[in-house]
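Engineer: Give me a 3D structure for the following:
(one chain, ligands or ions: 1)
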Amino acid sequence: GRKERIRERREKRREEVSLLRAIPYSDQHIWWSSNTIAAVTGANRGIGFEIAHQLASHGLTVILTSRGTADGEGAVKILREKGLSVVFHQLDITDESSVRAFARWVLERYGGIDILVNNAGVNFNTGSSNSIEFAEEVIATNYFGTKNMIEAMIPLMRPSDSGARIINVSSRLGRLNGRRNRIGNVDLRKKLEDEDLLSEEVIEQTLNSFLQQVKDGSWKDGGGWPQVFTDYSLSKLAICCYTRARAKKKTKMKRGEEIYMNCYCPGWVKTGMTGWAGHTSPEEGADTGVWLALLPVDRCTSGKFFAERREISF
Ligand code: NDP
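Structural biologist: Below you'll find the model as predicted:
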């Protein structure tokens, strides 16, 4: 049936990507060096750790950040023992003073960064459960934390011929009109789909009205919210929309000061977040993010959504 075909297509694409991953980057392709600085949030474990690992393996200098100092330092030790150029800095994306301290340190130590991977995120749903008990925290972390990081770091993205890059780890669960998940309210969906109507205000009004409905208990019959993992899916939908809206503002920058910002879905990955369920390894889950970070500048786009090294629709 249909499910079977989708599964086959997915398997085929995963095989293709695994072949692509085996091809080393050629000298002509490589625009980066050990002076290229990439920062990764939530990199002490899971997909974030793998993104840090792969970027450092390609020869960049990686700032591995995590909210817990001991966890982050442990992760850095593993990568340094492999001879990789990785440094640690504490960073809790929901803590404004932590974000400020990180930005200050980055400026003093490197004068800025070239690549930012916003990977940190939380999800309290597993299996078929749909709990909104932690909705505030999920949206505060996945949306507002990520947005605050972007806003704090944009002034610190170093201008270069290759352009700076921001990669936001999102999810297919946050699609506007996905197969499993959609915004049921057609007017709202249209607003979020429409390039001209979409704005940060629209995104944040949407999140606030969801959180209000969580408070007064009406969210289930209220807004036609995403059906699966509602709070988490909505937080990722917001990040996708924000990526589109924010990238639009950036297109006017002159060449050499370009910031390419995109988001991607890592697939269903065996990490703590999924209770080690899922189709793919953290190595594969990191792949599209690393690929976006290292694209040659003439292939860079902005404000798009990717999975398995291909653009997908929002
Ligand atoms: P994990 O739970 O293994 O890792 C999440 C990471 O985010 C941890 O390092 C965690 O730190 C960190 N984190 C959480 N809150 C904060 C915060 N406030 N400040 C800084 N770091 C924080 O999950 P994954 O590796 O699977 O997830 C990584 C990203 O991929 C997330 O954004 C997730 O939503 C996304 N994703 C994952 C999918 C999957 O199937 N696994 C599917 C689609 C998207 P700590 O160790 O301290 O808790």
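
Engineer: burial measure for the closest residue to D95 other than its chain neighbours, as a count.
Structural biologist: For D95, the nearest residue in space outside its immediate sequence neighbours is R67; the separation is 7.8 Å by C-beta to C-beta, 6 or more residues apart in numbering. Every residue, glycine included, has its C-beta placed from N, CA and C. The local packing count at R67 equals 17, with neighbours defined by other C-beta atoms under 10 Å.

Engineer: Now for R67: which residues touch it?
Structural biologist: By C-beta atoms under 8 Å, 6 or more residues apart in numbering, the residues touching R67 are 42, 90-93, 95, 98, 120.

Engineer: So which of these wins on neighbours?
Structural biologist: Each of the contacts of R67 was scored for neighbours by other C-beta under 10 Å, and G42 scores highest at 28 neighbours.

Engineer: Go through the host helix or strand of R10 and flag the buried ones.
Structural biologist: Secondary structure from DSSP states H and E places R10 in helix 2-22. For helix 2-22, the buried set under the neighbour-count rule, 16 or more other C-beta atoms under 10 Å, comprises 10, 14, 17.

Engineer: which residues touch the first one?
Structural biologist: This means R10. Listed by C-beta under 8 Å, 6+ apart, the contact set of R10 reads H279.

Engineer: change it to 10 Å
Structural biologist: Counting by C-beta atoms under 10 Å, 6 or more residues apart in numbering, R10 makes contact with 267-268, 279-280, 307-308.

Engineer: Keep those residues, but drop any that are not near the ligand.
Structural biologist: With C-beta under 6 Å from any ligand atom as the criterion, the subset of the contacts of R10 in contact with the ligand comprises W268.

Engineer: hmm, which of the contacts of R10 are the buried ones?
Structural biologist: 267-268, 280, 307-308.

Engineer: now, which of these sits nearest the ligand?
Structural biologist: Distance to the ligand across the buried ones among the contacts of R10 (C-beta to the nearest ligand atom) is lowest for W268, with 4.5 Å.

Engineer: what's the closest one in contact with, if anything?
Structural biologist: Applying C-beta under 10 Å, 6+ apart to W268 gives the contacts 10, 171-173, 274, 277-280, 285.

Engineer: Just give me the closest of those to the ligand.
Structural biologist: The nearest one, if we look at the contacts of W268 relative to the ligand and count by C-beta to the nearest ligand atom, is S171, at 3.7 Å.

Engineer: Kindly report the residues of the stretch 51-200 of the chain close to the ligand.
Structural biologist: Among all residues of the stretch 51-200 of the chain, those adjacent to the ligand (criterion: C-beta under 6 Å from any ligand atom) are 66-68, 71, 91-94, 119-123, 141, 145, 169, 171.

Engineer: Could you check how sure the model is about the following helix or strand past the helix holding R10, as an average pLDDT?
Structural biologist: Toward the C-terminal end, the helix or strand that comes next after helix 2-22 (DSSP H and E) is strand 37-40. The predicted model gives strand 37-40 an average pLDDT of 99.

Engineer: Could you count how many residues lie near R100?
Structural biologist: 12.

Engineer: can you check I166 too?
Structural biologist: Using other C-beta under 10 Å, I166 has 27 neighbouring residues.
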